[in-house]
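Asker: sequence and predicted structure below; questions after.
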Amino acid sequence: MFRFKLIVLFLATVLGVPRAQATPASGNPTPLNIVLILVDDLGWTDLSCMGSKFYETPHIDRLAAGGMKFTQAYSACTVCSPSRAAVLTGRYPARLHLTDWISGHVRPRAKLKVPEWTQHLEHGETTLAEALGARGYISASIGKWHLGGEAFHPETQGFKLNVGGYFRGQPPSYFAPYKIPTLQEGPDGEFLTDREAAEAVAFIKSNRDRPFFLYLPHYAVHTPIQAKKDAIARYQAKAIPGTGQSNATYASLIESVDESVGRITQTLEDLGLTERTLVIFTSDNGGLLPITSNAPLRAGKGSAYEGGVRVPLIVRWPGVTEAGSVNTSPVMSIDFFPTLMEAVGSTDAARQVDGESLVPLLSSKGSLKRTNLFWHYPHYHPGGATPYGAVRQGDIKLIEHYEDGHLEMFDLANDPGEKLNIANQFPAKRNALAALLGNWREQLNAQMPSTNPDFDPSREKTPSWVVQPRSDASIELHSRDASVHGAMLRYEPQPHKNTLGYWVNANDSAHWDFQVNRAGSYRVEILQGCGPGSGGSRVAFQSGSQSLEIDVIATKGFQDFLKRDIGNLRFDAPGRYSLDVKPLKKPGAAVMDLRQVRLIPSGE
């Protein structure tokens, strides 16, 4: 299949593929350019035009003022990789069997065992780039990819240009050197969002005389939360501590995206392309707590609730969308594929998609035919999700929790914060929606979690085992063996990180139990990483009454690990001991990444 794709792309590019004779939905025979900006982890209220009183987004606000703003738009999943696959294919993640971020979280002792899901975008799927390429479009992917390794990079999925996209889901650093293999290094200190904007502008300028598709999946505003110092200082001056949106660094990172949108829209204007360019601006999932707040919505990224999946969506299509219009229809990222195909005049209905074209809404000439939206997440996430499925029908949303089968149902029109579970008040509606959700899963052959034979509730909350010393009496406390306590901190597995990460909550901590066979003093050596601008956290390494305190040192990135000797701990007799790592102060966006702690006999 991949070889066939390459042949088709070669013929389309070298020989030239004549465009279909259908007229674009705008009625304008001039080919329509497409710019799709996908921001990472941007919450529903993370824009001024969506209600934020702290974040400043004047360029995005102008985009909304010139187009249509959707107030009930959804991502196809509560995490990134499945949402991105849905954007590019128009298909539900459940149909693709790509249902978690790549490579997902490891919960070997959880109640349910997650299915063997697909950890790449299959070449057998048709992407937007491929469908548009068949109509003579040239396509670029600039920014985050996170849909598989090198064999599944954008170049193999219809894109002629890939700048910065590879298997990872977050940048090692927002400041050059970036250490991203598909991005040529910029000068030291160059900012990644600025670089992505510059690459996007260059692509537009180089292809001004032919139809183009620019897919701009910014790495921002995903962790590590980093930004330029002058912007941080401005937001620090206006921040009100204790409010949900008060993180100055995160605000500055959002501002970098806003500036990127400004550069792109100004370039379109300068080149006379605005009137024939359709621009979509959205996010891949809800905002990450506690870095931002999605209020009044419940929870955030990685949860089953509205804060995890409701996202901003702005579409500007000159001549079609009414400037400053607002649409309240429930829509989803699976709708982009059929929308864009209709927008460019495609009449090819041979390929099955799960989305529905938004053209009737964008033109204010009709409504959608469908009545239901679905979600399927058979995984665990530190954001709060246990394996679940959900369906929204009209204003009513039902959530099925797979661990125990219990159901929640909410009236989103009157309860957008999902505070009142009405499942028992309306059993007929509850049962009908539960049956509808189950039938949908069967139709899509959705993969379900299964009973986990290794389930151990005690190990889910306490240390899973006692770490044994090596033959030289040293003790290696690796991050994968830690017991994690708190809302966000977790072990992030190989090949991506192999570390304790997402330490954005100062109340989270890590714990190990270990065996000492040789009494005496032990030198404590750690491997810590911390992105530029996030250093300075005060962290205690505690064993019994002993405590070693360190100030975290900023490195070139959170996965750029620094080996440090932090002092000595003494164990006066062989036996079982424990070590707790607890933040005492967190001035930056995150505490640190911690790969391992080694206890090495000092020879006393």
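Answerer: That came through, no problem. Residues are numbered from 1 along each chain as shown.
Asker: quick one, domains of the protein?
Answerer: Following automatic domain parsing, one finds the domains of the chain at 2-14+31-77+127-333, 388-450, 457-601.
Asker: kindly check the end-to-end length of the second one for me.
Answerer: Right, the one you point to is domain 388-450. Domain 388-450 has an end-to-end distance of 13 Å (C-alpha to C-alpha, to the nearest Å).
Asker: same question for stretch 214-228.
Answerer: 26 Å.
Asker: ok, back up a step: need the winner for burial among the domains of the chain.
Answerer: Mean neighbours per residue, mean count of other C-beta atoms under 10 Å, is largest over those for domain 2-14+31-77+127-333, with a mean of 21. In short, each C-beta sits where N, CA and C put it, glycine included.
Asker: save the domains of the chain as a markdown table, and put in distance to residue 102 and mean pLDDT too.
Answerer: Shown next, in a markdown table, are these (distance: least, C-beta to C-beta, whole Å; pLDDT from 0 to 100):
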| stretch | distance to residue 102 | mean pLDDT |
| --- | --- | --- |
| domain 2-14+31-77+127-333 | 6 | 94 |
| domain 388-450 | 15 | 97 |
| domain 457-601 | 8 | 88 |
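Asker: nearest approach to residue 375 belongs to which of the ones you listed?
Answerer: Closest approach to residue 375 among these is made by domain 388-450 (4.3 Å; C-beta to C-beta).
Asker: quick one: the residue nearest the centre of the chain and residue 333, what's the gap?
Answerer: The residue lying closest to the centre of the chain (C-alpha atoms, centre = their mean) is residue 80, at 3.5 Å. Using C-beta to C-beta, to the nearest Å, residue 80 is found at 11 Å from residue 333.
Asker: shared neighbours, those two?
Answerer: residue 284 (C-beta atoms under 8 Å, 6 or more residues apart in numbering).
Asker: could you pull out the helices for the stretch 301-450 of the chain?
Answerer: 306-309, 336-343, 359-362, 427-444 (DSSP state H, counting those that start in this stretch).
Asker: output these as TSV; include the columns distance to residue 151.
Answerer: Output for the helices of the stretch 301-450 of the chain, formatted as TSV (distance: least, C-beta to C-beta, whole Å):
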stretch	distance to residue 151
helix 306-309	30
helix 336-343	23
helix 359-362	35
helix 427-444	25
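Asker: and of the ones you listed, who's closest to residue 386?
Answerer: helix 306-309 (12.6 Å).
Asker: ok, residue 191 - contacts?
Answerer: 174-176, 227-228, 256.
Asker: who is it paired with across the strands?
Answerer: For residue 191, the beta-bridge partners under DSSP bridges are residue 175.
Asker: what's the spacing between it and residue 198?
Answerer: For residue 191, the distance to residue 198 - C-beta to C-beta - is 10 Å.
Asker: then residue 434?
Answerer: 50 Å.
Asker: next one: residue 131
Answerer: 28 Å.
Asker: residue 61 now?
Answerer: Relative to residue 198, and taking C-beta to C-beta, residue 61 is found at 23 Å.
Asker: got it, and residue 121?
Answerer: 27 Å.
Asker: and residue 57, by the same measure?
Answerer: Counting by C-beta to C-beta, the gap from residue 57 to residue 198 is 20 Å.
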